[in-house]
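Colleague: Mind folding the following:
(chains A and B)
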Amino acid sequence: MDALTPVVCRTLTIQFVPSRRLRAAFSLVELILVLALISILVTLSIPLMHNITRGNSLTRAGQTVGDQLALARQEAAGRNRPVQVRFIKFPTGATGYRGMQLWAPSPTNITVFAPISRIAILPEGVVLARTSQLSPLLTSASVVDKSETFPGIGPVTYCAFRFRPGGSTDLAFSSVNNFVTVVYAKDEAAETPPANYFAVQVDPVNGRTRLFQP
Amino acid sequence: MHRVSAFPHPAPARPPSIRRGLRRPQASKAFTLVEVLTAVTLLLVIMAVTATVMDQTTRAWRQTNSKIEAFQNARAVFDVMTARLAPTTLNTYLDYYDAAGNPFRLATSPASFTAARYGRYSDLHFICGAAQTLVNPLPPNYSRVSSGAVFFVAPTGLAADADRRGTGGLLNASGFFLAFGSDRGHRPYYITTPETYRWRLMELSVPTESLTVFGTSTGNAWFQTPVSEGKVRPVADNVIALVVWPRLSPADDPAGTALSTDYTYNSRTAATWSGSVQPVQAHQLPPTLQVTMVVIDESAARRLATGSTPPPQIDAITAGLFNANPASGGNLVQHYEEDLRTLEQRLTDSRIAYRIFSSTISLKEAKWTP
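Modeller: Numbers count the residues shown, from 1 in each chain, chains lettered A, B, ... in the order given. As a prediction, this is how the structure comes out:
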């Protein structure tokens, strides 16, 4: 019996292992099925993920605009000096307003304005609408589409308005027409609000910033 | 038996130890479809749970953030309000008064005017008191006012005409009061989200071109008309109390009752006077204003909101405090500290997050004479 066992085992191994292997591992069909399932799930989630990312960048852009305006107001009220908010067509040659920068009179020569913050650039694919319907603040600002060479950026076109010392602005008196709308780049020239937008309103008298989302 | 002969070596049963040793490792070498599916399902469940937790965390974070932002805005607004109030002016001058106490400025027949003494006179106006009395009629889209209100003339330099904008020294009618109502008149025209009804700190801002305080020497039309025309703008949401307390500097007036005992002050009080001393409030500014503003957070306001009617719970919290309700007598300035403590206690009991902003503003233009 003892002498026999190894032989039997070897025989058994030779006889049974192939069939057992087949049963324990994936068959090609199983693998294909799993892969197909995975790819269906991925395909379904890609547009969703894409939407989420786009929505995120729109929200981020809106918050960036709101933050810049709040910073400008605080700077104007706190340091008691005028602060100019510039909306920049970024990069050079672009048609959409994608950059913002705060400028103030230079301490040595108050007739010359100099940047007091780094340029804040909206996320890729998001711009400020440039029509008077969606961004009346841009089209009725005190500086509209002026060309100038910005330090570190190059020649660009920009619109600008001012926060006066104390926090009020040089915008028109009405409190309903002073807003900009952040939209996707494809809606840059839209005249009616697209499905998803982010409106940022500035009160011309007290500089209060309000954010609106659909 | 025949079969037995076919197998010269009858298949011996393998020792149990070897069977186990052979089967086990082979069985666990790969997964079956069922196992994989189970694992994937488990993974999905775990991911779903994680996503929920993440979602909750994000929501909590956002809530905290909005709370901080709300109070940040309130702080900025309080600074703007105090900065607006500080340069308030009356441009008081000395005028002749006749024996009956009428100023030469208003004399109908200057030729026959007999001057009896000097007195202060001003063509401008400073007034504060209960909003229910002063803000009447109400601004459009707002259904109620409460707490204190202040209206004044200051060189804010706001002009409707773009060419005059920013010209220093232009006088504007300004004011602050609390009102309850909708924000629909103050949003970008295309916003379709439901309007929100809140208690708000409102600012009256009349362009310099429409300043009518010189029009008459009496009455409050110079601010009541623009308020009713809607020349007001919300400055901060969820402000539930605004107390404007005109007083002398704390050193001269520790109790704060020398100028006003009920938070009211009217520089056009008593157009005529007969005593030897002109009434203290007449044609002069109080040297200091103690301004207190109580703000609650947006999540609490949302919780308490009852649509287009003012939330009764907020009414209950502010009831009977400061000069909130002049009809029932209001509360005098001597109870200020006590009222503030009561308000804090009520807010804490209702588990409402709040901030109290308080500051004493000295009015630079006040040339106080007792």
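Colleague: Which stretches in the chain count as strands?
Modeller: Since no chain was named, I'll use chain A. Applying DSSP state E to chain A gives strands spanning A:83-89, A:97-105, A:113-115, A:120-121, A:126-128, A:143-150, A:154-163, A:179-184, A:198-202, A:209-212.
Colleague: To clarify, I was referring to chain B.
Modeller: B:93-97, B:117-121, B:127-130, B:142-154, B:172-182, B:197-205, B:232-237, B:239-247, B:265-266, B:288-296, B:354-362.
Colleague: Once you drop chain neighbours, what's closest to residue 173?
Modeller: Because you didn't say which chain, this covers chain A. In this structure, A:F173 finds its nearest non-sequential neighbour in B:A160, 5.2 Å apart by Cβ to Cβ, 6 or more residues apart in numbering or on different chains. Placement of C-beta: from N, CA and C, glycine included.
Colleague: try again with chain B
Modeller: Going by Cβ to Cβ, 6+ apart, B:A173 has B:V206 as its nearest residue, at 4.2 Å.
Colleague: Relative to A:T139, how far out is A:Q133?
Modeller: 9 Å (Cβ to Cβ, to the nearest Å).
Colleague: Sorry, slip of the keys, the one I care about is A:A120.
Modeller: From A:A120 to A:T139 the distance is 21 Å (Cβ to Cβ).
Colleague: again with B:R75
Modeller: Taken as Cβ to Cβ, the span from B:R75 to A:T139 is 32 Å.
Colleague: can you list the residues of the stretch 201-350 of chain B near chain A?
Modeller: Counting by Cβ under 8 Å from any Cβ of the partner chain, the stretch 201-350 of chain B comes close to chain A at B:E203, B:S205, B:P207, B:R233, B:P234, B:V235, B:A236.
Colleague: Counting neighbours, what do you get for the last one?
Modeller: Around B:A236 sit 27 other residues, with neighbours defined as other Cβ atoms under 10 Å in any protein chain shown.
Colleague: Would you point out which residue of chain A is nearest chain B?
Modeller: A:A25 (4.0 Å; Cβ to the nearest Cβ).
Colleague: Does that residue touch B:L33 like I think?
Modeller: No: assessed by Cβ atoms under 8 Å, A:A25 is found out of contact with B:L33, at 11.0 Å.
Colleague: relative to strand B:232-237, how tilted is the biggest helix by length in chain B?
Modeller: In chain B, assigned by DSSP state H, the helix with the most residues is helix B:33-85. Between helix B:33-85 and strand B:232-237, the angle formed by their directions is 130 degrees, by axes from the mean of the first three to the mean of the last three Cα atoms, to 10 degrees.
Colleague: Point out where chain A drops to low pLDDT.
Modeller: Filtered on pLDDT under 70, chain A yields the residue ranges A:1-24, A:175.
Colleague: for it, what spans make up the helices?
Modeller: Counting by DSSP H, the helices of chain A are A:5-24, A:28-79, A:136-139.
Colleague: can you list those in a markdown table and add mean neighbour count?
Modeller: Output for these, formatted as a markdown table (neighbours: other Cβ atoms under 10 Å in any protein chain shown):
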| stretch | mean neighbour count |
| --- | --- |
| helix A:5-24 | 12 |
| helix A:28-79 | 15 |
| helix A:136-139 | 22 |
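Colleague: Export those helices as JSON lines, with columns for distance to B:Q56.
Modeller: What follows is the helices of chain A, written out as JSON lines (distance: least, Cβ to Cβ, whole Å):
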{"stretch": "helix A:5-24", "distance to B:Q56": "42"}
{"stretch": "helix A:28-79", "distance to B:Q56": "18"}
{"stretch": "helix A:136-139", "distance to B:Q56": "37"}
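Colleague: These: which one's closest to B:P137?
Modeller: The closest of the helices of chain A to B:P137 is helix A:136-139. By Cβ to Cβ, the value is 30.0 Å.
Colleague: Please tell me how far the closest one is from the chain's geometric centre.
Modeller: 20 Å (Cα atoms, centre = their mean, to the nearest Å).
Colleague: can you list the residues that contact it?
Modeller: Contact partners of helix A:136-139, identified using Cβ atoms under 8 Å, 6 or more residues apart in numbering or on different chains, comprise A:87, A:97, A:128, A:130-132, A:144, A:159, A:161, A:171, A:177-180, A:202.
Colleague: let's see it at 6 Å
Modeller: Helix A:136-139 has contacts (Cβ atoms under 6 Å, 6 or more residues apart in numbering or on different chains) with A:F87, A:S132, A:C159, A:N177, A:N178, A:F179, A:V180.
Colleague: Compare those residues and tell me which is most surrounded.
Modeller: A:V180 (28 neighbours).
Colleague: The closest residue in space to that one that isn't next to it in sequence - how many residues pack around it?
Modeller: Closest residue in space to A:V180, ignoring its immediate chain neighbours: A:S135 at 4.3 Å, by Cβ to Cβ, 6+ apart. For A:S135, the number of neighbouring residues by other Cβ under 10 Å comes to 26.
Colleague: residue contacts, A:S135?
Modeller: Shown in contact with A:S135 (Cβ under 6 Å, 6+ apart): A:L128, A:A129, A:V180, A:T181.
Colleague: Now with 10 Å, please.
Modeller: A:87, A:97, A:127-129, A:141, A:159, A:178-183, A:199-200, B:188 (Cβ atoms under 10 Å, 6 or more residues apart in numbering or on different chains).
Colleague: out of the residues you listed, who's nearest A:V42?
Modeller: A:V183 (29.1 Å).
Colleague: So in terms of bridging, what pairs with that closest one?
Modeller: With DSSP bridges applied, A:V183 shows beta-bridge pairing to A:V127.
Colleague: Go ahead and confirm it touches A:N196.
Modeller: Yes: applying Cβ atoms under 10 Å as the test, A:V183 and A:N196 come out as touching, 7.9 Å apart.
Colleague: Between those two, tell me which one has more neighbours.
Modeller: Comparing A:V183 with A:N196 by other Cβ under 10 Å, the one with more neighbours is A:V183, at 28 against 16.
Colleague: any idea how far A:A94 is from the more buried one?
Modeller: A:V183 is 15 Å from A:A94, where distance means Cβ to Cβ.
Colleague: Which residue would be the closest one in chain B to chain A?
Modeller: Closest point on chain B to chain A, by Cβ to the nearest Cβ, is B:A30, at 4.0 Å.
Colleague: okay, now that residue: neighbour count?
Modeller: 13.
Colleague: now the strands of chain B as TSV including distance to B:V53?
Modeller: Shown next, in TSV, are the strands of chain B (distance: least, Cβ to Cβ, whole Å):
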stretch	distance to B:V53
strand B:93-97	70
strand B:117-121	69
strand B:127-130	50
strand B:142-154	42
strand B:172-182	37
strand B:197-205	32
strand B:232-237	31
strand B:239-247	35
strand B:265-266	56
strand B:288-296	29
strand B:354-362	30
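Colleague: Throw those strands into JSON lines and include mean pLDDT, thanks.
Modeller: Converted to JSON lines, the strands of chain B look like this (pLDDT from 0 to 100):
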{"stretch": "strand B:93-97", "mean pLDDT": "90"}
{"stretch": "strand B:117-121", "mean pLDDT": "89"}
{"stretch": "strand B:127-130", "mean pLDDT": "90"}
{"stretch": "strand B:142-154", "mean pLDDT": "91"}
{"stretch": "strand B:172-182", "mean pLDDT": "92"}
{"stretch": "strand B:197-205", "mean pLDDT": "92"}
{"stretch": "strand B:232-237", "mean pLDDT": "89"}
{"stretch": "strand B:239-247", "mean pLDDT": "91"}
{"stretch": "strand B:265-266", "mean pLDDT": "90"}
{"stretch": "strand B:288-296", "mean pLDDT": "92"}
{"stretch": "strand B:354-362", "mean pLDDT": "91"}
